[in-house]
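3D, please:
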Amino acid sequence: MSAQDLILHHYPPSPVSEKIRAGLGLKGLTWHSVEQNRLPDRPELFALTGGYRRIPVLQLGADIYCDTQGILRALEARHPEPTFFPNGGAGLPFAVSRWTDNEIFGHAVRLAFAPDADKLPPALVADRARLYLGPDGDFLKERADLPHAAAQVRAHMGWVEDRLATGRPFILGDQPGMPDLMIYYLVWFMSGRWSGAETFFEEFPHIVAWKERMAALGHGTSHDMTPQQALTIARDAEPAAAAQDDPRDPQGLKVGQRISVAPLTDSGETAVDGTAHVIGRDVVAVMRETPEVGRVCVHFPRVGYRVQVL
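From the prediction side, this is the model:
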């Protein structure tokens, strides 16, 4: 195997992983599929990431990319064609992601989990409530507010419907791009998990037709790999990312500093500690070394994460 082979850590029902799987299909890529547990008992993955628990994670040898912002950026850099940014759309899709991944996803999670929260595995419900709703999250309490959540999603989907009603097959025109991925995974998630989705989407025929076009892109070509095999690949490789300083960094971060990186949301997640290795406007990466995995470079986006000097 090459250190540039794509390894995706995910699990099939994960909606956020579907965003990346569809992106791999858009680019027609070949990749290795490492299926992780739905609940965060993922020892091999935690060894790679330093404790980062969210799915999916992209691995290229000993370089580990966390968060779909970072994963999509890495895929575009290594496989620029077909692009995630057709028709000169660079930049805008990342702004779109803040709308889809925060505003819409929060309501979609409520619609997917709250109606059946007492029928799903309690550990799964408790974990996702903490992750998506905060320390006091309770999906059972969200049931009374589901009409509000549906009304919010309906308005957002109306904007998407209006865009697709212009006759363009995809959000940015004739070619699919990152904005399509950002909306598709939400429609995929609600369609598969929310009992009211079929009736809900009857109002949006252009979205329904577009969803079929997106599904037809597939997921590229995948080959199964075990978590232990992925760990071994990282241990036998060296990080490829070059050290990078940013003289304009507002926090004054410097390569070689001890730093921690953690999501901004109050979800009880572990901060990842390491030595600053890549510092940029959009990204930050830490170098970590342990006997279990050797030296790895863990990459994060700046947006949505807090970096602190230790």
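
in what helix or strand does the residue nearest to residue 275 when sequence neighbours are not counted lie?
Of all residues not flanking residue 275 in the chain, residue 287 sits nearest, at 4.6 Å (CB to CB, 6 or more residues apart in numbering). C-beta here means a position set from N, CA and C on the backbone, and glycine is covered the same way. Take DSSP states H and E as the rule and residue 287 turns out to sit in strand 283-290.

on that earlier part again, may I have the beta-bridge partners of the residue nearest to residue 275?
Counting by DSSP bridges, residue 287 is bridged to residue 275, residue 297.

picking up where we left off before, the strand holding residue 287: how far from the chain's middle?
19 Å (CA atoms, centre = their mean, to the nearest Å).

mind saving the C-alpha coords of that strand as CSV?
Extracted C-alpha coordinates of strand 283-290, given in CSV (Å, rounded to 0.1, in the frame of the first residue of the first chain):
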residue,chain,number,x,y,z
VAL,A,283,-6.1,24.5,9.2
VAL,A,284,-4.1,23.5,12.2
ALA,A,285,-2.3,20.2,12.7
VAL,A,286,-0.5,18.6,15.7
MET,A,287,2.3,16.1,15.7
ARG,A,288,1.8,13.3,18.2
GLU,A,289,4.0,10.2,19.0
THR,A,290,3.1,7.1,21.0
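
And the contacts of it?
47, 50, 70, 73, 239, 241, 253, 259, 261, 272-278, 295-302, 305, 307 (CB atoms under 8 Å, 6 or more residues apart in numbering).

sorry, back to before: next, count neighbours for the residue nearest to residue 275.
Residues lying near residue 287 (other CB atoms under 10 Å) number 19.

try the one 10 residues further on
Taking other CB under 10 Å as the criterion, the count of residues near residue 297 is 24.

on that earlier part again, which of the contacts of strand 283-290 fall within strands?
Among the contacts of strand 283-290, DSSP state E puts 259, 261, 272-278, 295-301, 305, 307 in strands.

Could I have the ChimeraX command that selects the buried members from those?
Only the buried entries of the ones in strands among the contacts of strand 283-290 go into this ChimeraX selection, using 16 or more other CB atoms under 10 Å:
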select :259,261,272,273,274,275,276,277,278,296,297,298,299,300,301,305,307
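
what about the residue nearest to residue 275, distance to residue 242?
In this structure, residue 287 and residue 242 are 12 Å apart, going by CB to CB, to the nearest Å.

ok, now residue 305?
With the distance defined as CB to CB, residue 305 ends up 21 Å from residue 242.

was I right about residue 115 contacting residue 197?
No: applying CB atoms under 8 Å as the test, residue 115 and residue 197 come out as separate, 10.9 Å apart.

Run through the strands of this structure in chain order.
7-10, 30-35, 57-60, 63-66, 221-225, 258-263, 272-279, 283-290, 294-301, 305-309.

List of residues touching the first one?
Outside of strand 7-10, the residues that reach it under the criterion CB under 8 Å, 6+ apart are 17, 20-21, 24, 31-36, 42, 45, 48, 55-60, 222, 225, 227, 230, 233.

Could you do the last one as well?
Contacts of strand 305-309 from elsewhere in the structure, counted by CB under 8 Å, 6+ apart, are 67, 251, 253, 257-264, 271, 284.

one more time with 6 Å, if that's ok
257, 259-264, 284 (CB atoms under 6 Å, 6 or more residues apart in numbering).

Buried only: go through those for me.
Members of the contacts of strand 305-309 classed as buried by 16+ other CB under 10 Å are 257, 259-263, 284.

what bits of the stretch 151-300 of the chain have low per-residue confidence?
266-267 (pLDDT under 70).

on that earlier part again, distance of the residue nearest to residue 275 relative to residue 205?
In terms of CB to CB, residue 287 sits 50 Å off from residue 205.

And residue 160, by the same measure?
12 Å.

out of these two, which sits in the busier spot?
residue 160 (21 against 12).

can you give me the helices for the stretch 101-250 of the chain?
105-113, 122-133, 139-142, 146-164, 178-193, 197-201, 205-215, 227-236 (DSSP state H, counting those that start in this stretch).
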